[in-house]
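Fold the following, please.
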Amino acid sequence: MNDPGLDDAIADEANALDHTTSYDEENDTREVDAHHPHAARWWLASTAYPLAAGTFGPMSSAFSICSLSQTWRMEILPGGGERDITDPKWVTALNAVSLVFALIANLALSLNMARRIRFGVAQPIIIIGWYISSFLLLGILIGLGVLMYLPENAGHVYTQAYFYGTFAAGLYFIIASLLVVTAWGAHKGHYSREYKLTTSQRTLMLQTIILFIYLLGGSAVYARIEGWKFMDAVYWADYTLLTIGVGNFVPITHLGRGLLFPYAVGGIVILGLIISSIRTLMLEHGRQRIADLLTAHTHKFLVKQAFSKHSNRLVPNLRVDGHETNELSDRERQKREFITMRRVRQLATVQHKWISLITSLVVWMALWLIGAAIFWRSEDHRHWTYFEALYFAYTTLLTIGFGDFYPVSSLGKAFFVFWSLLAVPTITILISNISDTLIRFVKDITLFIGEITILPGDEPFHDRIKALFHISWREKWVQETVGEKNASQDDVSDTGDHTDRNNFHAHRHAVEAEEHKKEESARRRGDIAAENVHHYHYLLFQEIRKMMELASKNLSKEFDYLEWEYYLGLISGQHKPAFESSTAQAKEDVKRQKQFLDWSWIDKKNPLLGEKSEVEWLLNALTEVLERELRTASRDYHSPEEGDEGDSSAVVPGDEGGEGLESGSAREE
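Coordinates of the predicted model:
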């Protein structure tokens, strides 16, 4: 369960895989989103449930293999030994048939995720296959339960295989039921009839399959080498690969100890891949969907507060009385709305971090407390107290593994494997959420103590103390959220290769000179229309280049209101010189400018609350405007003289540099 330090490299690889999606696949996803506007609300059913099925499906099949590898009952001998009892033939037959149906369902799920089998064909195979596997195993459990009550079977107990069969039956039923919900949602049209999983999400299932093949394969080898039972070897391999090191089973042969070197390293690497995939996929992709829902609720609440009669400190008052109608300009209204939406995003981010932390902490605590209760009951013959079971479960969850307590019963060993594998995603999510909240809080406290003792800060001591007592904790968290982003932006702006930056500036000045030359040429010809249009295109090129640079360095940058006012004016054509290229074009320009004047930041679809970052939104919007303008220019304003010198419509983004305008309405303000 330790994180081997592969997160950054593997996360980068997962991100690269997500961006290598084929063009057709990307277009399919956009079409699905367009036709299914409520897909975000159904993220659990459309994405999380199939991902859980793809992860726990191989685990269930591995448990089925374990249940088939050994008899389900054994007899405790008077001398302390044990003897396996041969199962009835119907038990083995049903167990084998259950495994076959489960493997077919897993294969169908894999092929469906790889888009080799259609959703409508694969879903019935998967769901029915897992339900059959679950019911067959359930039948065996009930049948053997009846046999255990017969007088001649007194002294018989269940083996680890029995409990592995129990876990497999439960998992098959749960993941089949989850996919029933997925199929129902697709049938109702809430999302497309396919798994909207990225390449890296599909890879998680393959990584899980590899882990369990590696686990069971290594267990079979060590069971042969060390003379262990296969179930005991699985128990040993589990706490070895998870780096817990309980210690009640250890290799004693030279061959077993020698094979441990490559086997342990390989298992830890595979486990690191899975941990990083869980962090990348569930925390980043899943967190975004949940954050969107939370933002929507926060938006609804704060907008209601903004229009209420009572003033509040969270958002500015947007309520306009009759005598204020003329006094409050459209610009002032938009500015207040902008501040409100910026606060919505900030508060939603803070709330989401703490809700995520509390949720993951509750899940981890439940795993700890319930797991300790089961270990306590399973090791009752060894007279464990509940506190000792808590101690053992805690040291296991944190992969400390002292080895002073360990399970020896069949239920204890089998449950240990199942429980410890569940702990991998749980502890991963918890640690990530702690780093986003508590660790940042401790860091801020440490820096504050340092500033007032041995590390003087920029502000005087009495100003720091005064500010501390005059700010509410709610405002403090909001400010810290903004401060984090601004600090990261400053760090990015202060780094980089100076040689590349100098070359970039030199290239920008060369392009500016060329653009000025074209503008002067149009002015000498007296073609004011071409001159003005070319200048407008130049502004678009400059800002697109700026957004492209930000997208590569600082995708999370947030713009202030004056910057947004400038960019929206540029997009709507407010900065476009007033001249008519054609009647249709003029009407379109007027329409876009009217949309800007009627712009409302409190709309649910405003760019501050969308899934895209502000940089991405502006880059897409500016690019669309530039493409439309270049098509119009090439149709209406191309002239032979201008073409000889290089028409502006032939320029494409990426051929020149620029850092954005040093002047404009945003700067003039």
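
how's the chain carved up into domains?
Here the domain parsing of the chain from automatic domain parsing is 39-195, 296-436, 438-493, 496-668.

which outside residues touch stretch 402-420?
1, 63, 157-160, 162-164, 167, 231-232, 234-235, 238-239, 242, 244-248, 367, 371, 374-375, 378-379, 381-382, 384, 388, 391-392, 395-396 (CB atoms under 8 Å, 6 or more residues apart in numbering). Where C-beta positions appear, they are placed from N, C-alpha and C, glycine not excepted.

Which of those are buried? Put it as a ChimeraX command.
Only the buried entries of these go into this ChimeraX selection, using 16 or more other CB atoms under 10 Å:
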select :1,63,158,159,160,162,163,164,167,231,232,234,235,238,239,242,244,246,367,371,374,375,378,379,384,388,391,392,395,396
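
From the contacts of stretch 402-420, which land in strands?
Those of the contacts of stretch 402-420 mapping onto strands are 157-158, per DSSP state E.

Now intersect the contacts of stretch 402-420 with the helices, please.
63, 160, 162-164, 167, 231-232, 234-235, 238-239, 367, 371, 374-375, 378, 388, 391-392, 395-396 (DSSP state H).

Could you pull up phi and psi at Glu75?
Phi and psi for Glu75, reported as degrees, to the nearest 10, are phi -110, psi 130.

That one against Glu152, yeah?
No - in this structure, Glu75 is not within contact of Glu152 by CB atoms under 8 Å, at 11.2 Å.

More neighbours: which of these two?
Higher neighbour count among Glu75 and Glu152: Glu75, with 14 against 7, using other CB atoms under 10 Å.

Which residues are in contact with Glu629?
Taking CB under 8 Å, 6+ apart, one finds 533, 536-537, 540 in contact with Glu629.

Pretty sure it sits in a helix.
Yes - counting by DSSP: H, G, I helix; E, B strand; the rest coil, Glu629 is located in a helix.

That one and Gly526, how far apart?
From Glu629 across to Gly526, the span is 22 Å (CB to CB, to the nearest Å).

Pick out the shakiest of the domains of the chain, pLDDT-wise.
Looking at the domains of the chain, the lowest mean pLDDT belongs to domain 438-493 (a mean of 55).

returning to what we had before: which ones among the contacts of Glu629 lie within helices?
Going by DSSP H, the helices hold 533, 536-537, 540 from these.

tell me which of those residues is nearest to Val362?
Of all the ones in helices among the contacts of Glu629, Val362 sits closest to Leu540, with 50.3 Å by CB to CB.

Secondary structure class of the nearest residue to the closest one once chain neighbours are set aside, three-state.
For Leu540, ignoring the flanking residues on the chain, the nearest one in space by CB to CB, 6 or more residues apart in numbering is Leu626 at 4.4 Å. Here Leu626 takes the helix state, with states given by three-state DSSP.

Count the neighbours of Leu626 for me.
Using other CB under 10 Å, Leu626 is surrounded by 21 other residues.

Can you name the residues that contact it?
Leu626 makes contacts with 537, 540-541, 544, 653, as judged by CB under 8 Å, 6+ apart.

and if you look at Ser219?
230, 233-234, 236-237.

what's the distance between it and Gln160?
12 Å.

go on, Val424?
Val424 sits 21 Å away from Gln160, going by CB to CB.

Equivalent analysis for Leu540, please.
Distance, Leu540 to Gln160, by CB to CB: 68 Å.

Also Leu550?
Counting by CB to CB - Leu550 and Gln160 are separated by 57 Å.

Kindly report the same for Arg118.
Distance, Arg118 to Gln160, using CB to CB: 40 Å.

Equivalent analysis for Tyr172, please.
Distance of Tyr172 to Gln160, computed by CB to CB: 18 Å.

and what of Thr340?
Distance of Thr340 to Gln160, given as CB to CB: 59 Å.

Equivalent analysis for Ala220, please.
Taking CB to CB, one finds Ala220 at 15 Å from Gln160.

what do you get for Gly170?
Taking CB to CB, one finds Gly170 at 16 Å from Gln160.

what do you get for Leu421?
Between Leu421 and Gln160 the computed distance is 15 Å (CB to CB).

burial count for Glu337?
Count around Glu337 with other CB under 10 Å applied: 23.

Next, give phi and psi for the closest residue to it other than its chain neighbours.
In space, and not counting its chain neighbours, Glu337 is closest to Trp601: 3.6 Å by CB to CB, 6+ apart. Per-residue torsions, Trp601: phi -80, psi -20 (degrees, to the nearest 10).

can I assume Trp601 is in contact with Arg343?
No - look at Trp601 against Arg343 with CB under 8 Å: they stay out of range, at 11.2 Å.

Give me the more crowded residue out of these two.
Higher neighbour count among Trp601 and Arg343: Trp601, with 22 against 18, using other CB under 10 Å.

who's in contact with the more buried one?
334, 337-338, 340-341, 608.

neighbour-wise, which of those leads?
Met341 (25 neighbours).

the strands in the protein, which residues?
Using DSSP E, the strands of the chain run over residues 73-76, 82-85, 156-158.

Neighbouring strands - and their directions - for the shortest one?
Okay, so that is strand 156-158. strand 73-76 (antiparallel) (DSSP bridges).

Go through the partner strand and flag the buried ones.
Neighbour-count burial for strand 73-76 [16+ other CB under 10 Å]: 73-74.

So that it lines up with my notes, have the first residue be 544 from now on.
All set: I'll call the first residue 544, so the last point we hit is now strand 616-619.

What are the buried residues along stretch 756-771?
Applying a neighbour-count criterion of 16+ other CB under 10 Å, one finds 757-759, 761-762, 764-766, 768-769, 771 buried in stretch 756-771.

Out of those, which sit inside helices?
Taking DSSP H as the definition of helices, the buried residues of stretch 756-771 contribute 757-759, 761-762, 764-766, 768-769.
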